[in-house]
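S.K.: When you get a sec, could you give me coordinates for this:
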Amino acid sequence: MNNTKPHIKYLAVAGNIGAGKTTLTEKLAKDFGWKPQYESAGSNPYLSDFYNDMHRWAFNLQIYFLNHRYKQITRILAGEEIVIQDRTIFEDAFIFAPNLHEMGLMSSRDFDTYFTLFKSMAENIKPPDLLIYLKADIPTLVSHIHDRGREYEGNMSLDYLKKLNQRYNDWIDGYKEGKLLIVDADKLDFKNKPEDYSQIIERINAELNGLF
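M.R.: Numbers count the residues shown, from 1 in each chain. Predicted coordinates for the structure are as follows:
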């Protein structure tokens, strides 16, 4: 299926916790011959502590993710392969960190430090050539989170997920940085139904052809 041209550098799959980003990233990487870059959730030493005490560990968690994704994107832009990325640095900066600040889980001082660092990093990076957004309502997210059974996610509140979802929708509504493809993850079971996955493949091919 790999019919992309060399000037396409990278694509990214965006979406809330439990939307299916890793699943879709894996499938697309395999079928298009792209190199996958995954989120560092499993290796983040702050994640479990964060879900147990969000106020104490919010800043540490976000700084870790920011650094990890910045190193990812600089390697992607310097490399020769076409890469598909599971979550972007822009989601960290415009959704997760501001949400923690708004919820009172990250102080204004820590948020200002975080966002100043992000702005310095942003001078050296660029948005993906195609952003694939997995739009999902809370029941879908909760079902996926439950099915994958990550122990540290068991303490996550519905209020936290709802606030993130609203921020995602607002961010996508105003997204002007590049090509955008919205996938309705409530209606398309791309993990278990080949016909649903084929619809996504067709739409991605159409978007990529428009980049040539």
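
S.K.: Dihedrals phi and psi, M121?
M.R.: phi -70, psi -40 (degrees, to the nearest 10).

S.K.: burial of it, as a residue count?
M.R.: By other Cβ atoms under 10 Å, 18 other residues sit near M121. Placement of C-beta: from N, CA and C, glycine included.

S.K.: got the buried residues for stretch 59-69?
M.R.: Within stretch 59-69, the residues scored as buried using 16 or more other Cβ atoms under 10 Å are 59, 61-66, 68-69.

S.K.: For that stretch, what does the pLDDT average out to?
M.R.: Averaged across stretch 59-69, pLDDT comes to 93.

S.K.: can you put the buried residues of stretch 59-69 in a markdown table and add distance to V13 and secondary structure?
M.R.: Formatted as a markdown table, those follow (distance: Cβ to Cβ, whole Å; DSSP: H, G, I helix; E, B strand; the rest coil):
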| residue | distance to V13 | secondary structure |
| --- | --- | --- |
| F59 | 26 | helix |
| L61 | 21 | helix |
| Q62 | 20 | helix |
| I63 | 23 | helix |
| Y64 | 20 | helix |
| F65 | 16 | helix |
| L66 | 19 | helix |
| H68 | 16 | helix |
| R69 | 13 | helix |
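
S.K.: Could you give the backbone dihedrals for the residue nearest to I182 when sequence neighbours are not counted?
M.R.: Nearest in space to I182, with sequence neighbours left out and distances taken as Cβ to Cβ, 6 or more residues apart in numbering, is Y133 at 5.0 Å. Per-residue torsions, Y133: phi -100, psi 120 (degrees, to the nearest 10).

S.K.: Quick check: bridge partners of Y133?
M.R.: Counting by DSSP bridges, Y133 is bridged to A14, I182.

S.K.: Look up how far D159 lies from it.
M.R.: Note on Y133: its distance to D159, by Cβ to Cβ, to the nearest Å, is 22 Å.

S.K.: Neighbour count: the two, which is higher?
M.R.: Counted by other Cβ under 10 Å, Y133 and D159 do not tie: Y133 has more neighbours, with 24 against 9.

S.K.: pretty sure the more buried one is touching A14, no?
M.R.: Yes - in this structure, Y133 is within contact of A14 by Cβ atoms under 8 Å, at 4.9 Å.

S.K.: Now the common contact residues for the two.
M.R.: Counting by Cβ atoms under 8 Å, 6 or more residues apart in numbering, the shared contacts of Y133 and A14 are 168, 172.

S.K.: quick revisit: show me what contacts the residue nearest to I182?
M.R.: Going by Cβ under 8 Å, 6+ apart, Y133 touches 14-15, 168, 172, 180-183.

S.K.: Weed out the non-buried ones from those.
M.R.: Buried members of those, scored by 16+ other Cβ under 10 Å, are 14-15, 168, 180-181, 183.

S.K.: how about those in a markdown table, adding pLDDT and distance to E207?
M.R.: As requested, the buried ones among the contacts of Y133 are exported to a markdown table (pLDDT from 0 to 100; distance: Cβ to Cβ, whole Å):
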| residue | pLDDT | distance to E207 |
| --- | --- | --- |
| A14 | 97 | 14 |
| G15 | 96 | 17 |
| Y168 | 96 | 20 |
| L180 | 96 | 9 |
| L181 | 97 | 5 |
| V183 | 97 | 11 |
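
S.K.: Report the buried residues of the helix or strand hosting L161.
M.R.: Assigned by DSSP states H and E, L161 belongs to helix 158-173. Using 16+ other Cβ under 10 Å as the test for burial, helix 158-173 gives 160-161, 163-165, 167-168, 171.
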